[in-house]
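*Asks:* Return atomic coordinates for the entry below.
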Amino acid sequence: MKNEPSPEAWAEMHRRMVLTRRLEETLGEMFRSGKTRGPIHRCDGQEAVGVGACGALGQEDYVATTHRGHHVYIGKGLDPRRVVAEIFGRATGYCGGRGGHMLIGDASTGVIGGNAIVGAGIPAAAGMALSIKIRGENRVAMTVFGDGAAQTGICHEAMNMAGLWKLPVIFVLENNRFGLTVPQDRQSATGDLAARAAGYGMPGEVVDGNDLVAVFRAVASAADRARRGEGPTLIEARTYRVEGFSTSDMGGYQDPDEVAEWRARDPIRLSASALAPLIGAEEVAAIEAAAREEMERAFQQALADPMPDFAFHAPSSPYAEAH
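*Replies:* Below you'll find the model as predicted:
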């Protein structure tokens, strides 16, 4: 099948999903023990979207994400130690410890940043796509955003411009069923968000957001289309937020049976079952164990790293020097 990941590429994406899951679990454990500051937005159960989408891109391609973007950071190849260091405000973090878990960026890997503003990554990616087109580069830009952000005005403006100008941008709508505590059916007049693509002159596609390879295929096809100059694509990846909006979420608004149903379709478990016939169950288990150990080391090393120097250095004044 076209745009099918090789067994090696699939194994690497599986490893990155496990890395992300262990990152989220450890952050949750540390929050409960009072070792984190402020709320942290976890993406447990949504790893296949960020990792599968980024796995279909090249390092030269750009991606913007949201406040819930750890799977995108790890999926695009960021160093786990530096991600953890940034979350905990260490000088070795990607932004020198000044960005925190929602605002990680790294130009060398094409990560143009997470964003704490709902929907803000959408026009950012469209802008990068416009730059790509003007420069005549063989790159694409991608934005991963939620169903809540899909209801914002800036989302529609960016999609309209992208369709009008045939920009090489991929809109990955990570539909996890909730915007904060509000279910999708109370924030959208339609349950089929991908159908909106027709209004902007671009194809829209719905994929199983818990199927790693399905996400990979959809984004790889969209990237091929964008590189051919055929414009943007909207991909609605349907998944579920099995944890709260953030670590400070009091809960109580999700149906326990619904949560249990989605946990039974864990993307890591689904990937492992499908990958095992290709590389062997023992190899899959070894990949997962190594990934968990790698993330444990990342936390140990990052938490031992120094804090940044926050001393204020006033800029020199030409006026003061002249007098």
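*Asks:* element containing the residue nearest the centre of the chain, please.
*Replies:* The residue lying closest to the centre of the chain (C-alpha atoms, centre = their mean) is Val72, at 2.9 Å. Secondary structure assigned from DSSP states H and E places Val72 in helix 70-75.
*Asks:* Show me what the following helix or strand past that helix packs onto, helices and strands only.
*Replies:* Once helix 70-75 ends, the next helix or strand along the chain (criterion: DSSP H and E) is helix 80-87. Secondary-structure packing of helix 80-87 (3 or more C-beta pairs under 8 Å, 6 or more residues apart in numbering; DSSP states H and E): helix 7-32, helix 70-75, helix 281-304. Every C-beta, even on glycine, is put in place using the N, C-alpha and C of the backbone.
*Asks:* what's the most buried one of those?
*Replies:* helix 70-75 (a mean of 30; mean count of other C-beta atoms under 10 Å).
*Asks:* From the chain's centroid, how far away is that helix?
*Replies:* Offset of helix 70-75 from its chain centre (C-alpha atoms, centre = their mean, to the nearest Å): 5 Å.
*Asks:* do the same with stretch 47-56
*Replies:* Using C-alpha atoms, centre = their mean, the offset of stretch 47-56 from its chain centre is 8 Å.
*Asks:* ok, now stretch 284-302?
*Replies:* On C-alpha atoms, centre = their mean, the centre of stretch 284-302 falls 20 Å from the chain's centre.
*Asks:* quick one: contacts of it?
*Replies:* Under the contact criterion C-beta atoms under 8 Å, 6 or more residues apart in numbering, stretch 284-302 has outside partners 11, 14-16, 18-19, 22-23, 26, 79-85, 88, 90, 92-93, 268, 272, 275-276.
*Asks:* same thing but 7 Å
*Replies:* Applying C-beta atoms under 7 Å, 6 or more residues apart in numbering, the contact partners of stretch 284-302 are 11, 14-15, 18-19, 22-23, 26, 80-81, 84-85, 88, 90, 92, 272, 275-276.
*Asks:* Go through the helices and strands packed on helix 80-87 and name the closest to Ser188.
*Replies:* helix 70-75 (23.1 Å; C-beta to C-beta).
*Asks:* How about residues contacting the closest one?
*Replies:* Here helix 70-75 has contacts from 16, 19-20, 23-24, 43, 46-47, 49-51, 53-55, 63, 65, 80, 83, 104, 111, 144, using C-beta under 7 Å, 6+ apart.
*Asks:* and the residue nearest to the centre of the chain, how far is that from Leu57?
*Replies:* Between Val72 and Leu57 the computed distance is 11 Å (C-beta to C-beta, to the nearest Å).
*Asks:* Equivalent analysis for Pro80, please.
*Replies:* 19 Å.
*Asks:* same question, Phe31
*Replies:* 31 Å.
*Asks:* And Arg297, by the same measure?
*Replies:* In terms of C-beta to C-beta, Arg297 sits 27 Å off from Leu57.
*Asks:* Likewise for Thr247?
*Replies:* Applying C-beta to C-beta to Thr247 and Leu57 gives a distance of 29 Å.
*Asks:* same check, this time on Gly50
*Replies:* Separation of Gly50 from Leu57 (C-beta to C-beta): 11 Å.
*Asks:* Comparing these two, which residue is more hemmed in?
*Replies:* For Gly50 versus Leu57, neighbours defined as other C-beta atoms under 10 Å are more numerous around Gly50 (31 against 23).
*Asks:* Tell me if I'm right that that one and Val144 touch.
*Replies:* Yes - applying C-beta atoms under 7 Å, one finds Gly50 in contact with Val144, separated by 6.0 Å.
*Asks:* Residues that sit against both of those two, list them.
*Replies:* Common neighbours of Gly50 and Val144 (C-beta under 7 Å, 6+ apart) are Gly69, Val72.
*Asks:* And the helix or strand where Leu164 lies, what's buried?
*Replies:* Leu164 is part of helix 153-165 when elements are defined by DSSP H and E. Neighbour counts over helix 153-165 (16 or more other C-beta atoms under 10 Å) mark Ile154, Cys155, His156, Ala158, Met159, Met161, Ala162, Gly163 as buried.
*Asks:* which strands and helices sit next to that helix?
*Replies:* helix 121-135 (3 or more C-beta pairs under 7 Å, 6 or more residues apart in numbering; DSSP states H and E).
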